[in-house]
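Visitor: sequence first, then the predicted structure:
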Amino acid sequence: MLFLYVTPEFNHSIPGVLKNALDWLSRGEREMANKATFIAGATMGALGTVRAQMQLRQILNAPGMGANVLPGNEILIGAVQHKINEHGQLTDKQTIDFIDNVVDHFIPFVENQKEKVHY
């Protein structure tokens, strides 16, 4: 099992509903523990959810979560309104290539996690 989080950024943070869901996940069975995790985000601003993703990484690395977050491969899409068409589909070739590159790094990361931890 793996987890993918795609988040917007609100007031330099993750949305409250996402934080609440993560708080619930941190209790009980620790569903996130040792699971390969990938983070992405898009915003109309220039920084592309960098602050939200930093906060999300901290939360996912907390003892109650213990997720194995893909290191150093953030998908931070800034000015997303100029990179999608009227149907909400990503059309910017450079951004698509960048995402493909990060996903190419995530695949061996997941495989490595499977070798260490049996799901």
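Guide: Yes, it's here.
Visitor: low-confidence regions, the protein specifically.
Guide: Applying pLDDT under 70 to the chain flags the ranges 115-119.
Visitor: bridging residues for the residue nearest to the spatial centre of it?
Guide: Nearest residue to the geometric centre of the chain (CA atoms, centre = their mean): residue 39, 1.0 Å. Per DSSP bridges, the residues bridged to residue 39 are residue 5.
Visitor: ok, now which ones touch it?
Guide: 4, 5, 6, 7, 53, 56, 57, 60, 69, 70, 74, 75 (CB atoms under 8 Å, 6 or more residues apart in numbering). (C-beta placed from N, C-alpha, C; glycine too.)
Visitor: going by neighbour count, list what's buried in the helix ranked longest in the chain.
Guide: Secondary structure assigned by DSSP state H gives helix 93-116 as the longest helix of the chain. Buried residues in helix 93-116, counted by 16 or more other CB atoms under 10 Å: 95, 102, 106, 109, 110, 113.
Visitor: tell me which residue of this protein is furthest from the middle?
Guide: Note on the chain: the largest C-alpha distance from the chain mean falls to residue 86, namely 24.5 Å (CA atoms, centre = their mean).
Visitor: just list whatever residues bridge to the nearest residue to residue 16 once chain neighbours are set aside.
Guide: Counting by CB to CB, 6 or more residues apart in numbering, residue 10 is the residue found nearest to residue 16 once chain neighbours are left out, at 7.9 Å. Residue 10 has these beta-bridge partners by DSSP bridges: residue 13.
Visitor: now residue 10: how far from residue 83?
Guide: To residue 83, residue 10 is 20 Å away according to CB to CB, to the nearest Å.
Visitor: for burial, what's the neighbour tally of the residue nearest to residue 16?
Guide: By other CB atoms under 10 Å, 14 other residues sit near residue 10.
Visitor: same question, the one 10 residues further on
Guide: Neighbour count for residue 20, taken as other CB under 10 Å: 10.
Visitor: and what about it, helix, strand or coil?
Guide: helix (DSSP: H, G, I helix; E, B strand; the rest coil).
Visitor: wait, residue 26 touches residue 67, no?
Guide: No. Taking contacts as CB atoms under 8 Å, residue 26 lies outside contact range of residue 67: 10.1 Å.
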